[in-house]
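*Asks:* After the sequence you'll find the predicted model.
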Amino acid sequence: MSLNTKELELVSVTKRYGDTVAVDAVSHHFRPNSYTCLLGPSGCGKSSTLRMIAGHETVSDGAILLGGVDISHLPPAQRGTAMMFQSYALFPHLSVAENVAFSLKMKGVDKGERLKKAGEMLELVDLSALADRLPDQLSGGQQQRVALARALITRPQLLLLDEPLSALDPFLRIKMRAELRKLQQELKISFLHVTHGQDEALALADEIVVMNNAVIEQAGTAREVFNTPKTAFVARFMGGHNVVSLADGTYAIRADAVGLSAPGAGSIDGTVTAIEFQGTHVSVSARIAGDQEVTALLPDARFFEQPNNPGDPVGLTWETDQLHKLSA
Ligand SMILES: Nc1ncnc2c1ncn2[C@@H]1O[C@H](COP(=O)(O)OP(=O)(O)OP(=O)(O)O)[C@@H](O)[C@H]1O
């Protein structure tokens, strides 16, 4: 099944709550038919952005365009968007099928037609067998799929997901994120997914939009954002990087691009401060000049060939082309 897809564009969108600027003149062109993650720490403005796109929050300034049409002032149901919430907000006294069909009932669609459509959506999320159950007779993962089917029944061009996996345990979260990705590819509509988890964004997204302090700090493919962070904030937030101030500027370097050598034989000298076994890898942290910490992530076999201990003097090695200059 294929639903419509249209491009989303934010044009200098601002959200103010009294004196708080939650979203500050954000502009972005989202790719059509793609999975985008809006990623950032708590309070950076990502939920406010999503709620403005959904129409659950007014826009203080700027415009939201979907397929070139300004939807900023349309009611939520007329935007061509649908929202799936963090707490799935299912009606406890309605069956799975009735929950999924609910928005069609509000639109006055007759019962036969809405149950037929609900059946199609339940098939899509692989829940046909549970159509007559009540929500509290379902697992967390199944409830989430009901919430998805309920959002998709309105045939949105854009599905908005606000921390959709946060209520699930870690095992189910990884399983469901693969299902979300698969569903987006099957439906060929855009998904815009808010998360504060960088691993979730890396696993899911065609494009990651990193927000910080009410603005977009960086946007790009998952690989671009991870491998070429533009700022110290993005490097630290994406994880797996060191941020180091050297004589000619501040650089990011991936922890797995740092190696260890004898003191004096590396790019810089340091003293081991901590060693952490991580299964396939061992993380070795060392203090270097300027009271800075650098972490080397070594394959476990390499570490155990010549294990270090806290207090050992070491050289830290890297190829200069692995150093990535940061703008701030
Ligand atoms: N209804 C509101 N009234 C006043 N301030 C608000 C309101 N909603 C959000 N804010 C403020 O706006 C800023 C951005 O909030 P928002 O919820 O968009 O951030 P977020 O990145 O989604 O955070 P989280 O991950 O914690 O949900 C925060 O400083 C928050 O306190």
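*Replies:* Okay, I see it. Residues are numbered from 1 along each chain as shown.
*Asks:* Can you check which helix is longest in this structure?
*Replies:* helix 170-187 (DSSP state H).
*Asks:* in that helix, what's buried?
*Replies:* 173, 176-177, 180-181, 183-184, 187 (16 or more other C-beta atoms under 10 Å). All C-beta spots, glycine's among them, are computed from the backbone N, C-alpha and C.
*Asks:* and which of those residues is nearest to the ligand?
*Replies:* Nearest to the ligand among the buried residues of helix 170-187, counting by C-beta to the nearest ligand atom, is R173 at 16.2 Å.
*Asks:* Over to the residue of the chain most remote from its centre: give its phi and psi.
*Replies:* Seen from the C-alpha centroid of the chain, the residue lying at the greatest distance (C-alpha atoms, centre = their mean) is G264, 41.4 Å away. When read as degrees, to the nearest 10, the backbone of G264 gives phi 90, psi -20.
*Asks:* how close does it get to V13?
*Replies:* 54 Å (C-beta to C-beta, to the nearest Å).
*Asks:* H29 too?
*Replies:* According to C-beta to C-beta, H29 and V13 sit 12 Å apart.
*Asks:* For those two, indicate the residue with more neighbours.
*Replies:* Just comparing H29 and V13: by other C-beta atoms under 10 Å the higher neighbour count belongs to V13, 24 against 12.
*Asks:* Can you give me the pLDDT of the closest residue to A131 other than its chain neighbours?
*Replies:* Excluding its sequence neighbours, the residue lying closest to A131 (C-beta to C-beta, 6 or more residues apart in numbering) is A97, at 4.2 Å. At A97, the model reports a pLDDT of 95.
*Asks:* And Y88, by the same measure?
*Replies:* 66.
*Asks:* Over to I288?
*Replies:* Looking at I288, its pLDDT stands at 96.
*Asks:* Leaving out chain neighbours, which residue sits closest to it?
*Replies:* Closest to I288 by C-beta to C-beta, 6+ apart is G270, at 4.2 Å.
*Asks:* Contacts for the helix or strand harbouring V13, please.
*Replies:* V13 is located in strand 8-17, with elements delineated by DSSP states H and E. Contact partners of strand 8-17, identified using C-beta atoms under 8 Å, 6 or more residues apart in numbering, comprise 21-30, 45, 48-49, 52-53, 57, 59-66, 158, 190, 192.
*Asks:* give me that answer again for 6 Å
*Replies:* Strand 8-17 is contacted from outside by 22-23, 25-30, 48, 52, 59-66, 158, using C-beta atoms under 6 Å, 6 or more residues apart in numbering.
*Asks:* Please apply the same query to stretch 183-196.
*Replies:* By C-beta under 6 Å, 6+ apart, stretch 183-196 touches 2-3, 5, 33-39, 46-47, 50, 157-163, 201.
*Asks:* For A151, see how far away F85 is.
*Replies:* 9 Å.
*Asks:* Between those two, which has more neighbouring residues?
*Replies:* A151 (22 against 16).
*Asks:* can you confirm that one is in a strand?
*Replies:* No. Going by DSSP: H, G, I helix; E, B strand; the rest coil, the assignment for A151 is helix, not a strand.
*Asks:* Write out the residues of the stretch 1-150 of the chain neighbouring the ligand.
*Replies:* Contact residues (C-beta under 6 Å from any ligand atom) of the stretch 1-150 of the chain with the ligand: 17, 20, 22, 40, 42-48.
*Asks:* any chance you could map the helices in this protein?
*Replies:* With helices called from DSSP H, the chain shows them at 46-54, 96-106, 111-124, 140-152, 170-187, 198-204, 222-227, 232-238, 300-305.
*Asks:* Among the ones you listed, show me which one is buried the most.
*Replies:* Of all the helices of the chain, helix 46-54 has the most neighbours on average by mean count of other C-beta atoms under 10 Å, namely a mean of 24.
*Asks:* What is that one packed up against?
*Replies:* strand 20-29, strand 158-162, strand 190-195 (3 or more C-beta pairs under 6 Å, 6 or more residues apart in numbering; DSSP states H and E).
*Asks:* Repeat the analysis, applying 10 Å as the threshold.
*Replies:* strand 8-17, strand 20-29, strand 35-39, strand 61-66, strand 81-84, strand 158-162, strand 190-195, strand 207-212 (3 or more C-beta pairs under 10 Å, 6 or more residues apart in numbering; DSSP states H and E).
*Asks:* what's the shortest one in contact with?
*Replies:* By C-beta atoms under 10 Å, 6 or more residues apart in numbering, the list of residues contacting strand 81-84 from outside reads 6, 8, 50-51, 53-56, 64, 66, 71, 74, 76, 89, 103, 144, 147-164, 180, 189-193.
*Asks:* so what are the domain limits for this structure?
*Replies:* Per automatic domain parsing, the domain ranges recorded for the chain read 1-80+173-239, 91-155, 242-325.
*Asks:* I'd like to know which of the contacts of stretch 183-196 are buried.
*Replies:* Of the contacts of stretch 183-196, these count as buried by 16+ other C-beta under 10 Å: 3, 5, 33-39, 46-47, 50, 157-163, 201.
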